[in-house]
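> With the sequence up front, the predicted model follows.
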Amino acid sequence: MDVLDVESAEQAAQAGGDRARHRRPSGRRRWSSSVLALFVIVLLVLWYALSRDHTPQDRRAYPGSQSQDLPGTLHRYHLGLPDCAAGSVRYYRYAQWEADSFYLHFTGDRHCMNQFLVLNGMFLTGERRESAGLPFDAKTTAGFGWPQDRDRRYRSIHHQPLSGEVLVDVDVALYASGEFAEVYLHAGII
């Protein structure tokens with residue numbers, strides 16, 4: 001064997017050893033890249049699960065309502081709800097940028113309806129009028145199953161509660177037949 005051949009063989013062995021050394025870190029890099037990719041995927045799945053619009057926890061909320069609970073929503077709009085309405089109440093809350101509105105419906109007897117009006121300062125105050133059909137946006141209220149009958153007469157009250165930092169505009173439509181009463185409400189922050 002020639003000296004050049006020996007040097008060539010040593011260089012070849014060293015090159016093979018260098019390739020082997022390069023392969024090990026390459027495998028580690030692949031493993032750490034896989035772990036990093038898995039970590040990013042887990043983070044994306046968690047973000048998606050937490051950011052989705054969840055069904056409201058409160059069974060009284062209409063589908064699509066934002067998840068703020070009813071007591072918190074009533075407080076935000078400076079409204080109260082008598083105990084007699086608790087069993088039949090349904091509500092919908094929408095707040096996006098400057099659009100902030102709240103719809104509420106409950107049934108009861110005339111006494112319950114009057115308690116609601118007294119509790120919210122609307123019994124002897126507020127602008128009162130008669131209307132044929134509900135005085136709210138029919139496209140919105142039809143989604144709640146509210147009646148769209150133009151022959152049904154409602155006593156309507158417009159009210160702006162005086163307390164609080166935000167100005168609330170409230171419209172209430174009352175329907176009474178004998179002792180049975182229904183209260184429909186739309187409130188907005190203006």
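Yep, it's here. Residues are numbered from 1 along each chain as shown.
> Strands along the chain, start to end?
Per DSSP state E, the chain carries strands over the ranges 90-96, 99-109, 127-132, 153-159, 168-177, 180-189.
> now those as CSV including mean neighbour count, distance to residue 46 and mean pLDDT?
Every residue, glycine included, has its C-beta placed from N, CA and C. Shown next, in CSV, are the strands of the chain (neighbours: other CB atoms under 10 Å; distance: least, CB to CB, whole Å; pLDDT from 0 to 100):
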stretch, mean neighbour count, distance to residue 46, mean pLDDT
strand 90-96, 18, 24, 91
strand 99-109, 20, 29, 94
strand 127-132, 11, 49, 82
strand 153-159, 17, 44, 92
strand 168-177, 19, 37, 94
strand 180-189, 20, 33, 95
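> Start and end of stretch 74-94, how far apart?
Separation of the first and last residues of stretch 74-94 by CA to CA, to the nearest Å is 13 Å.
> how far does that stretch sit from the chain's center?
Between the centre of stretch 74-94 and the centre of its chain there are 16 Å (CA atoms, centre = their mean, to the nearest Å).
> centroid residue for this protein?
residue 66 (2.0 Å; CA atoms, centre = their mean).
> pLDDT at that residue, what is it?
On the pLDDT scale, residue 66 is placed at 85.
> quick one: low-confidence ranges for the chain?
1-27, 48-56, 124-127, 163-164 (pLDDT under 70).
> Repeat the analysis, applying 90 as the threshold.
1-59, 64, 66-69, 76, 95-100, 121-132, 148, 159-167, 189-190 (pLDDT under 90).
> The closest residue to residue 188 other than its chain neighbours and residue 153, how far apart?
Nearest non-adjacent residue to residue 188, counting by CB to CB, 6 or more residues apart in numbering: residue 101, 4.6 Å away. With distances taken as CB to CB, to the nearest Å, residue 101 is found 24 Å from residue 153.
> which residues of this protein fall in helices?
For the chain, applying DSSP state H gives helices covering 3-51, 70-76, 110-119, 138-142.
> Just the buried residues of the last one, please?
Residues of helix 138-142 classed as buried under the neighbour-count rule (16 or more other CB atoms under 10 Å) are residue 141.
> give me the beta-bridge partners of residue 187?
For residue 187, the beta-bridge partners are residue 102, residue 170 (DSSP bridges).
> if I pick it, what's in contact with it?
Contacts for residue 187 (CB atoms under 8 Å, 6 or more residues apart in numbering) come out as 77, 79, 101, 102, 104, 168, 169, 170, 171.
> Could you do residue 175 as well?
Counting by CB under 8 Å, 6+ apart, residue 175 has contacts 152, 153, 154, 155, 181, 182, 184.
> how near is it to residue 43?
Relative to residue 43, residue 175 is positioned 52 Å away (CB to CB).
> now do residue 108
49 Å.
> Now residue 185: closest residue in space, sequence neighbours ignored.
Nearest one to residue 185, counting by CB to CB, 6+ apart, is residue 104 at 4.3 Å.
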